[in-house]
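*Asks:* Test case, fold it:
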Amino acid sequence: MRMPEYSKLPKEFQCAEVKAYYDILKTKSASLVLKRVFDVTVAIFMILFLLLPMAVIAIMIKFTSKGPVIYKQERVTTFNRKFRIWKFRTMRTDADAKGELLTVGEDSRITKIGGFLRKFRLDELPQIFHVLSGKMSIVGTRPEVPKFTTKYTNAMMATLLLPAGVTSLASIKFKDEAALLEKADDVDKAYIEVILPEKMKYNLEYIEKFSFKSDFRLIFKTVAEVFTS
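*Replies:* Numbers count the residues shown, from 1 in each chain. Here you go, the predicted structure:
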């Protein structure tokens, strides 16, 4: 991908805080192009290689709980654009009925097969199709729901200069987020006021130090975290 001219960015990005990170990325055109080439190559390979395993997962979900195989939810990606993220469904179909968007501790809404998929992050596999289309990248900032992006500070908006990621530095650091939220009286408030600002520190650090090599390091770190958790 290539960074557009600053003057063509959406109005919410036209501020000094975002400009500082934009200037950093603007100097890394080669890494951004390599990032996109890598994303497309890996996405095609993974779709071909994982087509059968994903079909098996889909069958297991269909035969162990009522509802669709794929869970779709509105999220935010590059330049504040909304899209419908795909995940293998890991919760009951009534999970969103009360408007609870965050998973907390041993959440009773999670199905038996869903717990296994979440542990090894297999529920994220359908997002490889988003990577191929350009809505997401292998590495980036995990896509938030609009409810939380409306709470972003000017600096936090800089995390939307690049596509949302399947994995991120923040998601590795906060792999036990659900357990942390379990202790909160007001889950949304705790997330917005405590966890989100901390995650954004890591997300902004990723933007600041972005390179094609750093993406590789995060991919290997993610794999290690999955198999040692």
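*Asks:* Report the mean per-residue pLDDT for stretch 37-56.
*Replies:* Per-region confidence: stretch 37-56 scores 97 on mean pLDDT.
*Asks:* in it, what's buried?
*Replies:* By neighbour count with 16 or more other Cβ atoms under 10 Å, stretch 37-56 contains the buried residues 38-39, 42-43, 46, 54. Placement of C-beta: from N, CA and C, glycine included.
*Asks:* Please apply the same query to stretch 138-146.
*Replies:* Those would be 138-144, for stretch 138-146 by 16+ other Cβ under 10 Å.
*Asks:* the strands in the protein, which residues?
*Replies:* Ranges of strands in the chain, per DSSP state E, are 70-77, 81-88, 136-139, 164-167.
*Asks:* what's the last one in contact with?
*Replies:* The one in question is strand 164-167. Residues outside strand 164-167 that contact it (Cβ atoms under 8 Å, 6 or more residues apart in numbering): 75-78, 124, 127-128, 131, 135-143, 218-219, 222.
*Asks:* export the buried residues of stretch 37-56 to CSV and tack on distance to residue 209?
*Replies:* As requested, the buried residues of stretch 37-56 are exported to CSV (distance: Cβ to Cβ, whole Å):
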residue, distance to residue 209
38, 18
39, 19
42, 21
43, 24
46, 26
54, 33
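*Asks:* Now do the longest helix belonging to the chain against strand 70-77, angle only.
*Replies:* When the chain is parsed with DSSP state H, its longest helix is helix 29-64. For helix 29-64 against strand 70-77, the angle by axes from the mean of the first three to the mean of the last three Cα atoms, to 10 degrees is 160 degrees.
*Asks:* and the angle for helix 29-64 with strand 81-88?
*Replies:* 40 degrees.
*Asks:* residues touching the spatially most central residue of the chain, list them.
*Replies:* Centroid-nearest residue in the chain: residue 142, 2.4 Å away (criterion: Cα atoms, centre = their mean). For residue 142, the contact set (Cβ under 8 Å, 6+ apart) comprises 164-165, 167-168, 170-171.
*Asks:* change it to 6 Å
*Replies:* Contact analysis of residue 142 by Cβ atoms under 6 Å, 6 or more residues apart in numbering lists 168, 171.
*Asks:* roughly how far apart are it and residue 8?
*Replies:* In this structure, residue 142 and residue 8 are 26 Å apart, going by Cβ to Cβ, to the nearest Å.
*Asks:* Throw the strands of the chain into CSV and include distance to residue 113, thanks.
*Replies:* Converted to CSV, those look like this (distance: least, Cβ to Cβ, whole Å):
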stretch, distance to residue 113
strand 70-77, 13
strand 81-88, 9
strand 136-139, 24
strand 164-167, 21
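*Asks:* Out of the ones you listed, which is closest to residue 209?
*Replies:* Evaluated over the strands of the chain, closeness to residue 209 peaks at strand 136-139, with 12.1 Å, by Cβ to Cβ.
*Asks:* Pull up the gap between residue 216 and residue 51, please.
*Replies:* 25 Å.
*Asks:* Per-residue pLDDT of residue 101, please?
*Replies:* 60.
*Asks:* Also residue 133?
*Replies:* Reported pLDDT for residue 133: 97.
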